[in-house]
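1. Got a sequence here, can you model it:
(one chain, ligands or ions: 1)
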Amino acid sequence: MDSLLSGILGGNRTLNPMNTFDVIVAGLGAMGSATLYQLSKSGRKVLGIDRFDPPHEFGSTHGETRLTRSSIGEGEEFVPLVLRSNEIWKELSAATGRELHRRTGGLIFTEGGGGSVLHGKDILAETIRIADKFGIRHDVLESEDLRKRFPDLKFGSGARGYFEYESGYLNPELCVQTNIEQARRSGADVKTGETIVSIDQGNGRTGVTVITDKGRYECGRLVLSTGAWIKKLLGESAASDRFRIFRQVMYWFNAEADYSEEHFPVYIRAGDNERSSYYGFPSVDGSRSIKVGLEQFEDESDPDNVNREVSVDDADAAFELVSQNFRIRREGARSKTCLYTVTEDFGFVIDFLPGTENVLVVSPCSGHGFKHSAGIGLLAKQVASGEEPFADTASFRFSVS
Ligand SMILES: Cc1cc2nc3c(=O)[nH]c(=O)nc-3n(C[C@H](O)[C@H](O)[C@H](O)COP(=O)(O)OP(=O)(O)OC[C@H]3O[C@@H](n4cnc5c(N)ncnc54)[C@H](O)[C@@H]3O)c2cc1C
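-> Predicted coordinates for the structure are as follows:
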């Protein structure tokens, strides 16, 4: 596959002021829409381009709910991102009257088998350590505490838990829609249904040319936030090798107990390995179903050819796992597929493409990016604008593995 970044389009460039921008944001999902919102507020001339019409169901940002927690067991470098994100959701909610972020409390529990694996980390131990370090309000729960506090959950003997008071969930579709609407109000140009087919970063320091299936645009800096399509845009390169794309499945199961959000939290069951772990949400908006997500990191996917069908065997296996803890019914279950873009250490990349100072890659998913997306939008705007970033970006470089 040829790299779309390698095209030589320079030569006789004639600049059309209508098609010339300070910054172009490629991809308007969770990260791109948040970046566009921040850039638009700063008064820069900005353009956002997306091949679909976000929010949509083809990438990584759909399915009604995204879990958010403040003590990030994946690594303490993420904590400033989520804390800042929470402030930005609040600001956006105040501006629009929309409830983007709902606090239900959050529970992480183990099965008592000894392990608590999520995203390559001992998530329970790390979450407790980081909560202590950052003063995040929580309780550590032993088996008996868990049973008393959550009588409608079944726990294995020796289970342990962590309860975080300010955890909850975000509505991903509404967040993306709000980012884009607010960016438009602040003067951003937005083009949807337009696919970027080629990018020329010139000498890597000055202007970038973006060619789509409908036009040609120039900018000083390009933010590449194309999610699971990032590998397609980077072609075969060391940069592209940082990312792997995995199809994941979300399930909605009808509940036989009352798991409504008014009194039940978001949760993560951290098992002995990735396959025995899952995460999920209470029944939201008056429904009687719970949504759960399972993860797999074995079969890679092409974002343009994703199998959107979920087999009966896979749904049976998910039911078997989740019904170890929840009182749910197999009948009437529904499911949706979604894509993770994963680095080998389940980290994020927020960095200029190696060898350039004008193409900023913002590709943070690794299965836990949404809760950080509002803060990442601010960080990306600061890095792209040459401003001092509010958080340390050292852990998010291309070279860090
Ligand atoms: C099932 C699932 C559950 C998750 N649960 C959680 C959770 O509970 N908590 C949490 O914090 N995170 C969670 N995540 C992770 C989080 O959702 C992602 O980190 C985040 O949504 C990634 O956003 P993105 O902007 O990188 O990608 P996307 O939102 O997919 O955006 C990429 C955009 O780029 C556009 N694009 C691609 N190529 C082109 C092109 N050539 N031209 C123009 N546009 C293009 C696409 O159309 C798309 O709109 C989950 C992810 C999944 C899949």
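2. Could you list the buried residues of stretch 136-154?
-> For stretch 136-154, the neighbour count (16 or more other CB atoms under 10 Å) marks I136, H138, L141, S143, L146, F150, L153 as buried. (Each C-beta comes from the backbone N, C-alpha and C, glycine too.)
3. hmm, who's touching stretch 215-224?
-> 13, 15-16, 19-27, 32, 35, 47, 49, 194, 199, 201, 206-210, 230, 233, 353, 358-363, 380, 384 (CB atoms under 8 Å, 6 or more residues apart in numbering).
4. So which residues on the stretch 301-401 of the chain come close to the ligand?
-> Within reach of the ligand by CB under 6 Å from any ligand atom, the stretch 301-401 of the chain has these residues: C338, L339, Y340, S363, C365, G367, H368, G369, F370, K371.
5. what about T206, neighbour count?
-> Around T206 there are 11 other residues, counting by other CB atoms under 10 Å.
6. Do I have it right that it meets N358?
-> Yes. Between T206 and N358 there is a contact under CB atoms under 8 Å: 6.8 Å.
7. tell me the secondary structure for D132?
-> helix (DSSP: H, G, I helix; E, B strand; the rest coil).
8. Number of residues surrounding it?
-> Each residue near D132 was counted by other CB under 10 Å, and the total is 12.
9. before we move on, the earlier item: which of the residues of the stretch 301-401 of the chain next to the ligand fall in helices?
-> Judged by DSSP state H, helices contain none of these.
10. Need the max-distance pair from these.
-> L339 and K371 (17.3 Å; CB to CB).
11. And the two? Which one has more around it.
-> A count of neighbours by other CB under 10 Å puts K371 above the other of L339 and K371, at 26 against 21.
12. Give me the below-cutoff pLDDT ranges for this structure.
-> Scanning the chain for pLDDT under 70 picks out the ranges 1-15, 400-401.
13. mind redoing it with 50?
-> Within the chain, the ranges that satisfy pLDDT under 50 run 1-12, 401.
14. residue of it with the smallest distance to the ligand?
-> Nearest residue of the chain to the ligand: G29, at 1.9 Å (CB to the nearest ligand atom).
15. before we move on, what SS does the nearest residue to that residue once chain neighbours are set aside have?
-> Distance criterion CB to CB, 6 or more residues apart in numbering; nearest residue to G29, sequence neighbours excluded, is T61 at 4.6 Å. Following three-state DSSP, the label given to T61 is coil.
16. ok so, going back, run a quick neighbour tally on the residue of the chain closest to the ligand.
-> 29.
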